[in-house]
Every structure is written in C-alpha cells, then in structure tokens.
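> heads up, no residue letters with this:
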C-alpha cells in the first residue's frame, strides 16, 4: 500500500490536534477496556488470547493440559477481558456523497472522519469495524483492535464507487441484527433520506442499548446555497434536472433545509442519539476537537 493512499485518509496534522482526547462511551456500562477504563463488573467474561511458558507460581488452573499431553510442554493460557469497547462505523458511499471537489468532497471528508475515529479507537486498544453502504451494504470489515485495521480501511475506501441511491434504514437494520453487546454506532452520512425512514432503525439500535452518533456531513453549498448566475442543478441520486437562478429559490431552499435539520434534531433527541453537523469546508481537526471537547464538557469522556 502506498503512503499516498494512507495520507489521503489519515492526516498527521489532524491527529496532532486530538492527542488529549479519547472516544469513550457516553452511556455504556460495559464496553470500556479494563486497564484504561476499569470494568465495573465482577466475574466478567474472558476470551483466550495466547500461550506462554509456565513458570513457578503460576495458577495451575490455567495450565493447558491438551498441549501438555500432546507436546509434553507446560504452557499457561492467557486471556483478555471481553470488556473492550466496540465501535461500529457505518459510512454512506451513495451517489450524493460525491458532491464537492478535492478535500471538500463529502465522501472524502466522511472517509477521513471514519479513519480518524478508527485510529482513535484502535490507539486506545479498543475494537472498530467499518460498514459501507448505498442502497445496500457494500463492504464490511469486522471489529479489530490492531493498526492493520486502519490499513484495511484505507484500502477499502480507496476502491469505493459511488453510483447508487441511499437506503440507510435497510443497512442500519442489518447492523442492528449483526452486532451483539452494547457498542457505539457511528453513522456518517449526508442523510439524503426521509426522516421517517430513519426512526424505526434508530429505535432498534437504542432498544438494544447501543450509543448512536449521527454525523451529518454537508457541503457549504448545501448549507449556504450561495451561488450566482444561471445554474443547471442535476440530481445525484435521480435523473431530475432544474435550470434556474439560485437567488430565485434560495429562501425556499434554506427554509426546507432548516426544517429538515430541526426535524432531524428532534428525532435524535427523542431517541437519545447524538447529532453532529460536519461542514466539509471546515478543518477536520477543528471539527473533531470541538466535538470531542463537547463530549468531555458534557461528562461523556
């Protein structure tokens, strides 16, 4: 893998702004890595991790007798506590995410959000997965807590083709059925959908006690609609076209956007989901720092 691809998605100047932050769960009781975050449970579950040679004083209950009888070696089973944080990243790669140029393209900005979040999670020895979707699930990387996951993510994201419409409700339903214990679920999208289509999926995730963070990625053109002249608007997820002067429809457009965002925020509040607006014209490091600082001030870190 070339360093150019890695640097496209992971920016050192962004990471340098985030060194003092961790992405910890807001409400999860289990899900924190013991060590960095002490588990509140006694009798927590454990999973086998590796072997090491027996030394005098080791607890014989952890001796692997199968290895002894097969190879006449005394080895001890080592375990890891299954209290790691699982963070599931759900990334929209539909056609509307292609809007914008260079670093302000919604898909690239969203991909950088995903890989930066993944880096923060893995750096604190927790596990992260990635699901990409448009009208159906397009890719899935299962949870992992090693830095190789970041490489796999950047390689996968660099192969994305954005051509289809969005069906976010379907994907969130599939994710809900797939993930097990309580986790952080981060959805990164322009949410080019009907609000009502989201409600059932969000309620399912919250019913299962997952923390849900919705990162709403928008281009400045979509937020400000500050354009001049006669412009032909072409649908990114449908064949519709409109030739008009932006000034003539700007007020109606901004009113519709504001209504959508108010309805979206209301839906998030009702389902105790966290809503984060991400403007692609803003420095990514500043966006992250503000968001993580707000979590910290709210007592979520």
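Arrived safely. Everything numeric in this text was worked out from a predicted model, so none of it was measured.
> Tell me the residue in the chain that is farthest from the middle.
Within the chain, the residue lying farthest from the chain centre (Cα atoms, centre = their mean) is residue 72, at 46.6 Å.
> Quick check: the gap between that residue and residue 65.
According to Cβ to Cβ, to the nearest Å, residue 72 stands 11 Å off from residue 65. Just so you know, the C-beta spots here come from the backbone N, C-alpha and C atoms, and that holds for glycine as well.
> and the residue farthest from the centre of the chain, what does it touch?
Listed by Cβ atoms under 8 Å, 6 or more residues apart in numbering, the contact set of residue 72 is empty.
> follow-up on the earlier one: overlap in contacts of residue 72 and residue 65?
By Cβ under 8 Å, 6+ apart, no residue touches both residue 72 and residue 65.
> average model confidence for stretch 217-237?
Mean per-residue pLDDT for stretch 217-237: 86.
> what's across from the nearest residue to residue 211 once chain neighbours are set aside in the sheet?
Leaving aside its sequence neighbours, residue 211 sits nearest to residue 184 (Cβ to Cβ, 6 or more residues apart in numbering; 4.8 Å). Beta-bridge partners recorded for residue 184 (DSSP bridges): residue 87, residue 211.
> Number of residues surrounding residue 184?
25 (other Cβ atoms under 10 Å).
> Then residue 241?
Counted with other Cβ under 10 Å, residues neighbouring residue 241 total 9.
> just the strands in the stretch 1-150 of the chain please.
Using DSSP state E, counting those that start in this stretch, the strands of the stretch 1-150 of the chain run over residues 46-53, 75-81, 86-92, 127-133, 137-144.
> Next, format these as TSV and append mean pLDDT, mean neighbour count and distance to residue 290.
Shown next, in TSV, are the strands of the stretch 1-150 of the chain (pLDDT from 0 to 100; neighbours: other Cβ atoms under 10 Å; distance: least, Cβ to Cβ, whole Å):
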stretch	mean pLDDT	mean neighbour count	distance to residue 290
strand 46-53	62	11	37
strand 75-81	64	16	33
strand 86-92	96	25	20
strand 127-133	95	24	22
strand 137-144	94	16	27
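> Between these, which one is closest to residue 101.
In terms of Cβ to Cβ, the element of the strands of the stretch 1-150 of the chain nearest to residue 101 is strand 86-92, at 18.5 Å.
> ok and that closest one relative to strand 137-144, angle-wise?
Going by axes from the mean of the first three to the mean of the last three Cα atoms, to 10 degrees, strand 86-92 is angled at 160 degrees with respect to strand 137-144.
> Can you tell me how far the most centrally placed residue in the chain is from residue 246?
In the chain, the centroid-proximal residue (Cα atoms, centre = their mean) is residue 89; its distance is 2.7 Å. Taking Cβ to Cβ as the measure, residue 89 and residue 246 are separated by 34 Å.
> does the closest residue to residue 278 other than its chain neighbours belong to a helix or a strand, and which?
Distance criterion Cβ to Cβ, 6+ apart; nearest residue to residue 278, sequence neighbours excluded, is residue 217 at 4.7 Å. Assigned by DSSP states H and E, residue 217 belongs to strand 211-218.
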